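1. sequence and predicted structure are below.
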Amino acid sequence: MPDSCSCHEGAARAGVQPQQPRKVQVTAKVLFGSVSAIASMKQAEKAQSKRTHQ
C-alpha cells in the first residue's frame, strides 16, 4: 500500500471506524446552544441587576 493514503483509509485498515461528520455537526449544535444559553442568562442577570439597583 502506498504511504500517501489518507488517514481515514489508514484507520479503516487498522479496524477503526472513521468518525462520521454527523457526530461533529451535532456536537457543534450542542456547543452553540450552550453558548447561546449562557449568553442569554448573563444578559438576563444584567437586566435584573439594573432593575434592582435603580
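-> That came through fine. Because the structure is predicted, anything quoted here is derived from the model rather than measured.

2. where exactly do the helices run in this structure?
-> Applying DSSP state H to the chain gives helices spanning 7-13, 21-52.

3. lowest-confidence stretch among those?
-> For these, mean pLDDT drops lowest on helix 7-13, to a mean of 53.

4. so how far is residue 28 from residue 22?
-> From residue 22 across to residue 28, the span is 11 Å (Cβ to Cβ, to the nearest Å). Bear in mind the C-beta positions are built from the backbone N, C-alpha and C, glycine included.

5. hang on, the earlier thing: now the helices of the chain in CSV, with mean neighbour count?
-> Formatted as CSV, the entries for the helices of the chain read as follows, by neighbours: other Cβ atoms under 10 Å:
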stretch, mean neighbour count
helix 7-13, 12
helix 21-52, 10
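
6. now residue 46: how far from residue 39?
-> 11 Å.

7. meant to ask about residue 26, not that
-> Counting by Cβ to Cβ - residue 26 and residue 39 are separated by 21 Å.

8. and if you look at residue 50?
-> For residue 50, the distance to residue 39 - Cβ to Cβ - is 17 Å.

9. equivalent analysis for residue 33, please.
-> In terms of Cβ to Cβ, residue 33 sits 11 Å off from residue 39.

10. next one: residue 21
-> Taken as Cβ to Cβ, the span from residue 21 to residue 39 is 27 Å.

11. and if you look at residue 52?
-> 21 Å.

12. likewise residue 29?
-> Applying Cβ to Cβ to residue 29 and residue 39 gives a distance of 16 Å.

13. then residue 30?
-> Taken as Cβ to Cβ, the span from residue 30 to residue 39 is 15 Å.

14. go on, residue 22?
-> Distance from residue 22 to residue 39, by Cβ to Cβ: 26 Å.
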